[in-house]
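Student: have a look; sequence and predicted model below, questions after that.
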Amino acid sequence: MDYQNFQRFLNSRIKRRNFIIGTGALTGLAIASQIPHPRAIAKARFSDYPFKLGVASGEPYPNSVVIWTRLAPDPVNGGGMPLVNVPIRWEVATDSNMRQIVARGTEIATPELAHSVRVVVEGLQPERWYWYRFISGKEASPIGRTRTAPSPGNYVNKFTFALASCQHYEQGYYTAYKYMAQENLDLVVHVGDYIYEGPIVQGRVRQHNGPEIKTLEDYRNRHALYKTDPNLQAAHAAFPWIVTWDDHEVENNYANAISQLDDDDQDPIEFLARRAVAYQAYYEHMPLRPFSRPQGPNMQLFRRLSFGNLATFHVLDTRQYRTDQPCEDGVKERCAGTFDPNATITGKAQEDWLLEGLNTSQTQWNILAQQVPIAQRDMTPGEGATFSMDKWDGYLASRNRLMSFLEQRKPSNPVSLAGDVHSHWAMDLKADFDQPDSTTVGSEFVCTSISSGGNGADTNPTVAAYLPDNPHIKFYNGQRGYVRCLLTPINWQADFLVMSNVTTESGTISKRASFIVENGRPGVQQV
Ligand SMILES: [Fe+2]
């Protein structure tokens, strides 16, 4: 389905109201052994079209991929499903018309997971496109398209993906996703702030669906609101995604069990309960593998995905295990806490896992797909220095260990990808950021937001004033958009795409700048 057809399909389905379907062909008998809960299986019966949140796929391996949907005829009001298990069929085909079916099956959508459904489709061929859809009763989902990864060690001469983050629903339209959906990509990588937890703020281009979210139902309804966006749905339907979260999937600038300062839920036990429901709703709405299913307030999100001999994504989670932001967070001069050798942004287990993975990686490009910028950003022009304590800048022990590892062990072509800061950046990673002549040990591309922050502007006088203090920063732009990355064995090209505006639905997209990283030569170069 191309983008226009996808839009037409979606509109035709969503416009139908109060359409009660008849009994579906499925009965509980054939699938009784798969019932995850003793609850009886209900005939699929929906108050309205149940696939209003679209479909998604993700976590591509050479022989398997995750496909996802959620039954939600009334998306922002609890989903609108009765508290019963509902069977849902799925099909995977090698053609866009779903004629050459290569895999099919039935899953049970349960109230425990908000009637979300994920299928790990196995037995697929590497490095090829597949189409998929879900059917329940007489209703069919939109058709999604996905792609498997190349086999380990296989030569890959070209791999393209988009890097995105930060999609505040109220602050702008997701028109960037409309353009992304029409690109020729193998993958989308989303590095967090997929939802925002805040209340309705009047006067914005769109509205949230209620006050600040705190309960499981709140988080589910907020995810559902975001997922009703047709442009976001189109980008999910067009490519597999690799996702990781940042802070707003739970709460602004939280750190592990510690709530944002000045918030009312300071008690870590209370905050962990909130984190648990936020993680639960995140899992329910993302095409993640089942190993990520949360256990209480804990969720396994850091993981590794490889694409032939070309690239490994070391996907990080710098929120769940970090120590509290030093110096009471914010943009500050360094205090003692920034030098604390026990402070960590990844936690020890994840850091060990990352360094081990970098050390043993067999691929040419080693990508740290993570949340917050690693490179130093001194935000005070001239004398004095201030840093954002929520980024790697606040966790010097963690960053120093990573930078010395890169300098000494020289893993193949390390490139960090980050988001969070609602602006585009191209930066060199330095052995010592205070010594411009020190070794460049890696490269970093930070993507701007899809919509967060409204239209923005190309330049920002505050940033422009401190850029000379940061010679390893090669590019800044403060508009909305995403970064398109084209990887080959020769080099990595990053195109910084920007939106003319996001406060109307008709914004246009253009390429603001392109940078490359040459194979074997750390650092970003403008082209
Ligand atoms: Fe954000």
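Tutor: Received it, and whenever you're ready, just let me know what you need. Quantities reported herein were computed from a predicted structural model and do not represent experimental measurements.
Student: any idea how far the closest residue to P62 other than its chain neighbours is from T106?
Tutor: Counting by Cβ to Cβ, 6 or more residues apart in numbering, P62 lies nearest to P126, which is 3.9 Å off, once chain neighbours are set aside. For glycine as for every other residue, the C-beta is placed from the backbone atoms N, C-alpha and C. Distance of P126 to T106, computed by Cβ to Cβ, to the nearest Å: 26 Å.
Student: burial measure for the residue nearest to P62, as a count.
Tutor: Each residue near P126 was counted by other Cβ atoms under 10 Å, and the total is 17.
Student: show me what contacts it?
Tutor: P62, N63, T148, A149, P150, S151, N154 (Cβ atoms under 8 Å, 6 or more residues apart in numbering).
Student: now the helices for the stretch 201-350 of the chain?
Tutor: 216-227, 230-238, 268-285, 348-360 (DSSP state H, counting those that start in this stretch).
Student: coming back round to it: give me the distance between the residue nearest to P62 and the ion.
Tutor: 35 Å (Cβ to the ion, to the nearest Å).
Student: before we move on, which element is that residue in?
Tutor: Assigned by DSSP states H and E, P126 falls within no helix or strand.
Student: and it, how far from L358?
Tutor: P126 sits 24 Å away from L358 when distances are taken as Cβ to Cβ.
Student: residue contacts, the closest residue to Y219 other than its chain neighbours?
Tutor: Leaving aside its chain neighbours, Y219 sits nearest to A281 (3.5 Å; criterion: Cβ to Cβ, 6+ apart). Residues in contact with A281 (Cβ under 8 Å, 6+ apart) are A114, L216, Y219, R220, R222, H223.
Student: and with 6 Å instead?
Tutor: Y219, R220, H223 (Cβ atoms under 6 Å, 6 or more residues apart in numbering).
Student: surely the first one touches A278?
Tutor: Meaning Y219. Yes - between Y219 and A278 there is a contact at 5.2 Å, judged by Cβ atoms under 6 Å.
Student: more neighbours: which of the two?
Tutor: A278 (29 against 25).
Student: that one and the ion: what is the separation?
Tutor: 15 Å.
Student: next: Y173.
Tutor: For Y173 relative to the ion (Cβ to the ion), the value is 16 Å.
Student: before we move on, what about W90?
Tutor: Counting by Cβ to the ion, the gap from W90 to the ion is 33 Å.
Student: A strand includes that residue, no?
Tutor: Yes - checked against DSSP: H, G, I helix; E, B strand; the rest coil, W90 lies within a strand.
Student: contacting residues around F433?
Tutor: Q376.
Student: that one is in what secondary structure piece?
Tutor: Residue-wise, F433 maps onto no helix or strand under DSSP H and E.
Student: let's see the pLDDT reported for it.
Tutor: Residue-level confidence at F433 comes out at 98, pLDDT.
Student: tell me which residues touch A431, please.
Tutor: Here A431 is in contact with M403, E407, S438, T439, V441 (Cβ under 6 Å, 6+ apart).
Student: if I look at it, how far off is the ion?
Tutor: As judged by Cβ to the ion, A431 and the ion stand 29 Å apart.
Student: next up, phi/psi of the residue in the stretch 401-527 of the chain positioned nearest to the ion, please.
Tutor: The minimum distance from the stretch 401-527 of the chain to the ion, using Cβ to the ion, falls at S452 (4.7 Å). Per-residue torsions, S452: phi -60, psi 130 (degrees, to the nearest 10).
Student: residues near it, how many?
Tutor: Using other Cβ under 10 Å: S452 sits among 24 other residues.
Student: I figured it hits H422, correct?
Tutor: Yes - with contact defined as Cβ under 6 Å, S452 reaches H422; the gap is 5.1 Å.
Student: shared neighbours, the two?
Tutor: C166.
Student: hey, where'd the helices end up in the stretch 1-150 of the chain?
Tutor: In the stretch 1-150 of the chain, the helices defined using DSSP H, counting those that start in this stretch lie at 3-15.
Student: all the strands of it, residue numbers only.
Tutor: 55-58, 65-70, 86-93, 101-109, 116-121, 129-136, 139-140, 144-147 (DSSP state E, counting those that start in this stretch).
Student: partner strands of the fourth one and their direction?
Tutor: Based on DSSP bridges, the pairing partners of strand 101-109 within the sheet are strand 86-93 (antiparallel).
Student: ok, now the second one?
Tutor: Neighbouring strands of strand 65-70 in its sheet, by DSSP bridges, are strand 55-58 (antiparallel), strand 116-121 (antiparallel).
Student: next one: the shortest one
Tutor: Paired with strand 139-140 in the same sheet, following DSSP bridges, are strand 129-136 (antiparallel).
Student: tabulate the CA atom coordinates of the partner strand in CSV.
Tutor: Provided in CSV are the C-alpha atoms of strand 129-136 (Å, rounded to 0.1, in the frame of the first residue of the first chain):
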residue,chain,number,x,y,z
TRP,A,129,10.4,-7.1,2.1
TYR,A,130,7.2,-8.6,3.5
TRP,A,131,3.7,-7.4,3.9
TYR,A,132,1.4,-8.2,6.8
ARG,A,133,-2.0,-7.6,8.2
PHE,A,134,-4.3,-8.6,11.0
ILE,A,135,-7.9,-9.8,10.8
SER,A,136,-10.4,-10.1,13.6
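Student: what angle do that strand and helix 230-238 make?
Tutor: Strand 129-136 and helix 230-238 are oriented at 120 degrees to each other (axes from the mean of the first three to the mean of the last three Cα atoms, to 10 degrees).
Student: buried residues in strand 129-136?
Tutor: For strand 129-136, the buried set under the neighbour-count rule, 16 or more other Cβ atoms under 10 Å, comprises Y130, W131, Y132, R133, F134, I135, S136.
Student: what about the fourth one, distance to W241?
Tutor: Summarising the geometry, the distance separating R133 from W241, computed by Cβ to Cβ, is 17 Å.
Student: then the first one?
Tutor: Relative to W241, Y130 is positioned 15 Å away (Cβ to Cβ).
Student: just the strands from the stretch 401-527 of the chain, written as ranges.
Tutor: Under DSSP E, counting those that start in this stretch, the stretch 401-527 of the chain gives strands at 414-418, 424-430, 440-446, 456-457, 473-479, 481-487, 491-499, 509-518, 521-526.
Student: for the longest one, list every residue counted as buried.
Tutor: The one in question is strand 509-518. So, applying 16+ other Cβ under 10 Å, buried residues of strand 509-518: I509, R512, A513, S514, F515, I516, V517.
Student: angle of that strand against strand 414-418?
Tutor: 150 degrees.
Student: equivalent analysis for the third one, please.
Tutor: What separates the directions of strand 440-446 and strand 414-418 is an angle of 30 degrees, with the same axes, to 10 degrees.
Student: wait, does strand 440-446 contact the ion?
Tutor: No - using Cβ under 5 Å from the ion, strand 440-446 stays clear of the ion, coming no nearer than 11.7 Å.
Student: and the angle for that strand with strand 491-499?
Tutor: 30 degrees.
Student: N470: which of the contacts of P126 is nearest?
Tutor: Closest to N470 out of those is A149 (35.9 Å), distances taken as Cβ to Cβ.
Student: next, count neighbours for the closest one.
Tutor: What A149 shows, counting by other Cβ under 10 Å, is a neighbour count of 27.
Student: who in the stretch 151-300 of the chain is up against the ion?
Tutor: C166, D193.
Student: okay, and for the stretch 151-300 of the chain, where does confidence drop off?
Tutor: 261-265 (pLDDT under 70).
Student: picking up where we left off before, put the buried members of the contacts of P126 into a PyMOL selection.
Tutor: In PyMOL syntax, the buried subset of the contacts of P126 is picked out as below (16+ other Cβ under 10 Å):
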select buried, resi 62+148+149+150+151
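Student: skip the chain neighbours and tell me the closest residue to T323.
Tutor: Nearest to T323 is A343, by Cβ to Cβ, 6+ apart, at 4.7 Å.
Student: what is the neighbour count of the closest residue to the ion within the stretch 251-400 of the chain?
Tutor: Distances between the stretch 251-400 of the chain and the ion by Cβ to the ion are smallest at N252, namely 8.7 Å. Neighbour count for N252, taken as other Cβ under 10 Å: 17.
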